[in-house]
Structure formats: structure tokens, C-alpha cells
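Enquirer: the sequence and its predicted three-dimensional model are supplied below.
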Amino acid sequence: MIKKIKRNIVLLLILNIFFYFKLTSQVEAQNAISLSVTPPILEAMVMPGKEIKQVYSLTNSGGDTIITPKIYYFETSDDNGNVSLTDTEAPEWVKYDKSPFNLKFQDEKQFTVLISPPEDAEEIDYFLTLVFESTAPTDILGQNAIFYKTQIGTNILLTISKDGSPQKGAQIVEFQAPKIIDSVFGEISYKVIVRNIANSYWKPNGKIILEGNKSLKLAPLNVVSGGTRQIRCIENEAIVDCKIKGNLKIGQNKSTIEFSIDDDPKVYKETVNTFVFPFIYLFVTIALLTIVKVQGIFNIWRKRK
Amino acid sequence: MIKNKLFLLILVIPIYLYVSKDVKVVQAQERIESDNYRIIFPNFNSGAGIPASDNYSLNTTLGQTAPGLFSSTGFRVKSGFQYISSIIPFSFSISDIQKNFGVLTPNTPSTSTSTIIVSAGGAGSYSIKAFENNPLQTSGGADTIIDTLCDTTCSETTAGSWTSSTKYGFGFNMSGNDVPTDFTNSNYFRQFSDVSNAETPATIMNSANVGRERTATITYKVNVSDVQPAGTYQNVITFIAVPGY
């Protein structure tokens, strides 16, 4: 009987400790800002006069807050696909409820954006970011302090086109590989930068082929009109650096990049050469010969002495 | 017997309360529709299989890829990054909603930290930018604690060493994943971009690969002189978290 009571007490104690830590972490979460939005990107092509509706999901894992939605144009800020928000709001035919809404701890909000370009909408690309802005907390302590606000965004790449085939064009700005490497420890790492020279965004579909060796698949990253982007490679759904190591043949190694853009049959191509040489073997041979030579000189010197 | 039942009740009630609080109706995460058109069976470019259940929504990257579809429907839509099979939300968290510095003592720097976590499951790039609405100032802007110039010089885009207790102002340091390289160590600080002074938000974290739970610590530092007027100094820091395209 006493054994049973003891067991029960231990069980209750464990439960209490568990719930204490669980509640503590929830209290901490409510004193934080934690927002997530999905989908993180929307790519759409719409005919003037037609419309699409996208529902976003915004989840709050932090404290209760009031969220204000806004859609702004963005500009590219680098070659890696990062953006800078502008102050210019989306055209009026990108419709959404601009009213602030309350989002409580662990609440999820379904937020609808309706894109309905009019018949006379210009056939260009619109690069937009839907931003959810939290409000700064109210000051109740009257202390020297800083207050936080956050804006979390999700990008919209929108093409307005009557025929679904906007003009697309690419240019290889840079396709680089090392000129000379060691055959044992060296690797061929590629740098690829492409430019969009037309008026609609696209993704490259293609690869880098190392002649007689292997090929690397280019990541289908968006390149916006007028912009440049560094293209990396894709392996098992992960973006990785484009590089090849091992099994490199001694001598000239020819690497070719070839890709097309979206459904366009035109193939863009460029080649670079890397000279592979067994520097390490040469170094070891020279080192060994030097040692032998020095040893010989030393022996002669000792005999003379 | 009664004791046993009581024990069972004590055991079951908290478990029930805990479980019932967390169980939520799973709702559709993504939906694409139009008043005039509806995608009845979009193409799912995933070999991983599409999750399906009575209560489970499709959260798979989806898009229309069939040629000729545009002319019949008038639109073509792709949600999520097309090279990964799942739509993983883009998330931003910061461990606090405000930071209090308490009473500021002249020539004695006051510091405070927050933790930032960014997550997006390996798709695309991301950047976190930050700006202040104005420097730390009293209500109405009568008095201001200037943005730090560090020991010699620093700005909203370039960090500088700030160790002297006779150099005054407000600044921040970053450490952890994906932070700018000019934060050489914990003594290097920057100012926040001041939008009241027409400065553009500066990047404080970014990466070409998002990954999961990229974590950084932001450390604020305030140092005031003997002649700083008494008052309550405050400002608002805004963090902008946007995934790449």
C-alpha cells in the first residue's frame, strides 16, 4: 500500500514538473514575436480581364498582436534573390482586406489576395511582396526601452500577358571555373551569373557538363526582368554550390554550361577550360629528388672530410 | 478503491486539458480558385507523393506546367518553390516584444540581448533588415541619445569597435548564423538605420540558403554621458523578414 502511494506521488510530481515547464515555455512564447507565412512565394501569369485568388496562411506562435497587411512593390537587392521593399503599394486591382486584424497566440489566419488585372492592364511583370506588420507593444512601464515591430513578407511574381508567351531572353554574364588545379586535392567550382534581358521573369533549365566526367543540374531560380542572378546547383531538392571534385583527368578539362529558359527552345551555351595537373606528385618527386641530392652532397662532403 | 479513482482523475484531467488545448482542426493551407475558373486537378510536380486524408490539406508545392493551359484558363499559377516538394512556411521569431534598459548610469554602458530565429526549410534565400523610427528620445523628441559612432567611426552598414566608456550613444552587435561579417567580435557595433533621417533599412541577417532555425543574437548597447538630460528614452525597432524569390 505504502509502495503504491509512493509510486503515485512520484507520478504526480513528474506530471507537475512537465506541466510547469510547458506553461513556462508558453508564457515565454507569448512575450515574443513569432510569425510564419505560407506559401513563401507565388508565381502567377494572368490574362488581362481574368482573375486568380490566392489564400495565404499566417500563423502566430508569439504573443497576441494586431497585424496590418500591405502589398508593396519590391526591387532586387543583390544577385542572390533577396529583395528590398519599396514604399509603392501594389496596383488597385491587386485586392485584399487592408484592415488590421487581431491575431492571438497560436491563431492561424487565412488571408485572401485577389488578383484581377483589367482588360487594359499593361503586359509587364509586377514584383510584389505581401507584408504582414505587427504592432509595437504599448508602453506600460515607462522605462528607457526599445519596442519591437516586425514585418514578415511573401513574394508575388506576377506576369500580365494576353497570350501566355511573354518575350523572354537570357545572357550569360559570367561562367567561371578555375584555370588550373591540382588533380588530387583540387576541385572545379563554378560561378554562374545570368541576366534577364527581356521583360518577363524566367528560370533556367539546364546543367553544367564536365566533358567525360559528370554533370551538375542548375537550380531553377527565378531571374527577374532586367536583373542578374547567381545560379547555383540543385541536388536532392537542396541548393548547393556548383562544384566537382575527384576523378578529374590530367590535362585540359572542358566544362560547358547549357540551359534554356522556361518553355523557350533556345539553348544558351558557354564553355570554360580548366587545366588539371598532378602538382602534388610533382612536389613529392621534387622533394624526394632534393632529399636524395642533399644526401649525396652530404655523403661526398663527409668522405672528403 | 476511492483513492485509486481520485488518482486516476488527477492524472486524466490535466492530460485531457493539455491535449484538448493543442488539438486543432487542420485547415486548408493553400487554395487556388477563381470565381470564373477553378483548378480541378493541378499538376503536382512532386515525386514524393501528395498527402491525402479527410482532414489533411494539400501542402505540397503545386503548379500548372502543362503547355496550352494558359490559353484555356487565362492564368497559370505556381505556389511555393518549384524545386522542393513541400511548401514550408517562412518563419521569423524574436524572443522579446521590447527590451528595457532600466535606469541608465552615465559612463556605464547598459546592454541587453534578444534572439532571432529564421526558418524556411532550405528553399530560396532570405534577408532580415532592421531600422529604427528615430534615435532613442524622450516623448516629443525633446532630448535624444545619439546613434553611436563607436570609438572612432561606425554607421548603419559598417560596424566599428566600441569599448570606450566615454563614447556615447545607442548601437547593436550581431552574432550567430548569417550575420554581417563586419561584426568581427562582440565589441563591434553598428547604428540602426534611422528612417526619420531618410536612411534605408540595413541588412542584419541574410543567406543564399535559408535552412532551418538560423539563429542570431542581437545585443543592444546604450551609454550616456553626465550631461545627458534625465528622462525616459524610447524608440521602435522594426525587423523586416522576407524570403528570396
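Expert: Perfect, I can see it now.

Enquirer: all contacts plus neighbour counts: C-alpha atoms, from now on.
Expert: Noted.

Enquirer: identify the bridge partners of the residue lying closest to A:Val272 once chain neighbours are set aside.
Expert: Spatially, and ignoring its direct neighbours in sequence, A:Val272 is nearest to A:Ser255 (5.4 Å; Cα to Cα, 6 or more residues apart in numbering or on different chains). Here A:Ser255 shows beta-bridge partners A:Leu210, A:Val272, assigned using DSSP bridges.

Enquirer: contact partners for A:Ser255?
Expert: Contact analysis of A:Ser255 by Cα atoms under 8 Å, 6 or more residues apart in numbering or on different chains lists A:208-211, A:271-274.

Enquirer: give me that answer again for 7 Å
Expert: Contacts for A:Ser255 were tallied using Cα atoms under 7 Å, 6 or more residues apart in numbering or on different chains; they are A:208-211, A:271-273.

Enquirer: and B:Ala241, helix, strand or coil?
Expert: Reducing the assignment to helix, strand or coil with DSSP: H, G, I helix; E, B strand; the rest coil, the entry for B:Ala241 is strand.

Enquirer: is it in a bridge, and if so with what?
Expert: With DSSP bridges as the criterion, B:Ala241 is bridged to A:Ile152, B:Ile128.

Enquirer: and the pLDDT for it?
Expert: Among the per-residue scores, B:Ala241 holds a pLDDT of 96.

Enquirer: check A:Tyr281 too.
Expert: According to the prediction, A:Tyr281 has pLDDT 82.

Enquirer: one step back: select only the buried ones of the contacts of A:Ser255 in PyMOL?
Expert: Selecting the buried subset of the contacts of A:Ser255 in PyMOL, with 16 or more other Cα atoms under 10 Å in any protein chain shown as the burial test, is done by:
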select buried, chain A and resi 208+209+210+272+273
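
Enquirer: least confident of the contacts of A:Ser255?
Expert: Per-residue confidence across these is lowest for A:Glu211, with 91 (pLDDT).

Enquirer: ok, and the helix or strand in the chain with the lowest average confidence?
Expert: Went with chain A since none was named. Sorting the helices and strands of chain A by mean pLDDT, DSSP states H and E puts helix A:2-30 at the bottom, at a mean of 63.

Enquirer: hm, I was asking about chain B
Expert: Among the helices and strands of chain B (confidence taken as mean pLDDT, DSSP H and E), strand B:32-33 ranks last, showing a mean of 45.

Enquirer: show me the beta-bridge partners of the residue nearest to B:Gly176 when sequence neighbours are not counted.
Expert: Once flanking residues are discounted, B:Gly176 sits nearest to B:Ala216: 4.2 Å by Cα to Cα, 6+ apart. Residues in a beta bridge with B:Ala216, per DSSP bridges, are B:Ile116, B:Gly176.

Enquirer: circling back: separation between the residue nearest to A:Val272 and A:Pro220?
Expert: 19 Å (Cα to Cα, to the nearest Å).

Enquirer: host element of residue 88?
Expert: Chain wasn't specified; assuming chain A. Secondary structure assignment for A:Thr88, by DSSP states H and E: strand A:83-89.

Enquirer: hmm, that strand touching chain B?
Expert: Yes. Using Cα under 7 Å from any Cα of the partner chain, strand A:83-89 comes into contact with chain B via A:Val83.

Enquirer: need the contact partners of whichever helix or strand comes after that strand.
Expert: Stepping forward along the backbone from strand A:83-89, the first helix or strand reached (DSSP H and E) is strand A:94-95. The list of residues contacting strand A:94-95 from outside it, by Cα under 7 Å, 6+ apart, reads A:113-116.

Enquirer: make a ChimeraX selection of the buried ones in the residues you listed.
Expert: Selecting in ChimeraX just the buried members of the contacts of strand A:94-95, where the criterion is 16+ other Cα under 10 Å, is done with this command:
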select /A:113,114,115,116
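
Enquirer: return the member of the contacts of strand A:94-95 nearest to B:Ser110.
Expert: Proximity of the contacts of strand A:94-95 to B:Ser110 (Cα to Cα) peaks at A:Val113, which lies at 44.6 Å.

Enquirer: tell me the spacing between that closest one and B:Phe92.
Expert: From A:Val113 to B:Phe92 the distance is 21 Å (Cα to Cα).

Enquirer: kindly report the same for B:Asn133.
Expert: Here the criterion is Cα to Cα. By it, B:Asn133 lies 20 Å from B:Phe92.

Enquirer: so for the two, which residue has more residues nearby?
Expert: In this view B:Asn133 and B:Phe92 are compared by other Cα atoms under 10 Å in any protein chain shown, and B:Phe92 has more residues nearby, 27 against 15.

Enquirer: correct me, but the more buried one touches B:Thr115?
Expert: No. B:Phe92 lies out of contact with B:Thr115 (Cα atoms under 7 Å); the separation is 10.8 Å.

Enquirer: circling back to that earlier point, quick check: what element follows the least confident helix or strand of chain A along the chain?
Expert: Towards the C-terminus, the helix or strand next in line after helix A:2-30, according to DSSP H and E, is strand A:33-38.

Enquirer: quick one: mean pLDDT for that following strand?
Expert: When pLDDT is averaged along strand A:33-38, the result is 94.

Enquirer: using PDB, write out every CA atom in it.
Expert: Output of strand A:33-38 as PDB, limited to C-alpha atoms (Å, rounded to 0.1, in the frame of the first residue of the first chain):
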ATOM      1  CA  ILE A  33       7.000  37.800 -31.700                       C
ATOM      2  CA  SER A  34       6.800  34.700 -33.900                       C
ATOM      3  CA  LEU A  35       5.100  34.700 -37.200                       C
ATOM      4  CA  SER A  36       5.100  32.400 -40.200                       C
ATOM      5  CA  VAL A  37       3.600  32.700 -43.600                       C
ATOM      6  CA  THR A  38       2.900  30.200 -46.300                       C
END
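
Enquirer: great, nothing more from me.
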